[in-house]
Each structure stands twice: as C-alpha cells, then as structure tokens.
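J.: no sequence for this one, just the structure:
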C-alpha cells in the first residue's frame, strides 16, 4: 500500500511540530540579546500580513532545530521569526544568515 501524496504535507507538518516540542523540552527558546540586536542603532523593518515564509535555525537550550517560520521583522543583521507547534506560538530573534526564504511555488 502506498502513501497518500495528498496527506504528505500534513504528515510533514505534524512531524515538524513533534520535533519542535521535543526540542523545547531541552531548554527555553533562545533569542538574540538586546546588545546583539542594537535596536537603538539599527533600523527595524516590520512585515505586514502575509508574512514571508522562511526556514530558520532556532535553538532550544543546547539543541538547534530548523523550522518553517514566518519572517515578521528584521534588522540589517537579524531576523525576527515566529512559528507554531500545535497550539503553541514561538517567537525569537535569530541572526539573518540563519534564515532562508522558502520557495512555496512548488
């Protein structure tokens, strides 16, 4: 018996949510510090809905995980992302080079 192509995206999302929640048990979600962001010296761009879809490396305690996220704000060096796992919404700042714009046209 084969797998359902129609449900593949659902199963991928479900697996990612389980991986995020497992990583969250390793420690709190890490975010860049105020000193690293230097928001008083750097311009911040806020993105209106719909946000840009990205893949981002985030860190829960010592564990790094790559997640599908939305880019909600940025500075020249950092990106503010948000992502969900189940009913939980996570938000953090990561370095800009930890983020890659997703090609959702496929």
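T.: On my side now, so go ahead. For clarity, every value in this text was computed on a predicted model and none was experimentally measured.
J.: mind naming the longest helix for this protein?
T.: helix 5-24 (DSSP state H).
J.: buried stuff in that helix?
T.: Of all the residues in helix 5-24, those buried under the rule 16 or more other CB atoms under 10 Å are 16-17, 20, 23-24. Heads up, the C-betas are built off the backbone N, CA and C, glycines and all.
J.: what's the mean pLDDT across the very next helix or strand once past it?
T.: With elements assigned by DSSP states H and E, the helix or strand that comes after helix 5-24 is helix 34-37. Averaging pLDDT along helix 34-37 yields 94.
J.: okay, now the sheet partners of the helix or strand following helix 34-37, with direction.
T.: Following helix 34-37 in sequence order, the next helix or strand is strand 45-46 (DSSP H and E). In the sheet, strand 45-46 lines up against strand 63-74 (antiparallel) (DSSP bridges).
J.: what angle do the strand it pairs with and helix 5-24 make?
T.: 100 degrees (axes from the mean of the first three to the mean of the last three CA atoms, to 10 degrees).
J.: buried ones in strand 63-74, by neighbour count?
T.: 65, 67-74.
J.: nearest to residue 56 among those?
T.: Nearest to residue 56 among the buried residues of strand 63-74: residue 69, at 4.7 Å, using CB to CB.
J.: turn the buried residues of strand 63-74 into a markdown table, columns for pLDDT and distance to residue 46.
T.: A markdown table is the format used below for the buried residues of strand 63-74 (pLDDT from 0 to 100; distance: CB to CB, whole Å):
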| residue | pLDDT | distance to residue 46 |
| --- | --- | --- |
| 65 | 94 | 25 |
| 67 | 95 | 21 |
| 68 | 94 | 21 |
| 69 | 95 | 16 |
| 70 | 95 | 12 |
| 71 | 95 | 10 |
| 72 | 95 | 7 |
| 73 | 95 | 5 |
| 74 | 95 | 9 |
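J.: other SSEs contacting the longest helix of the chain?
T.: Under the contact criterion of 3 or more CB pairs under 8 Å, 6 or more residues apart in numbering; DSSP states H and E, helix 5-24 touches strand 63-74, strand 78-85, strand 88-95.
J.: sweet, I'm off.
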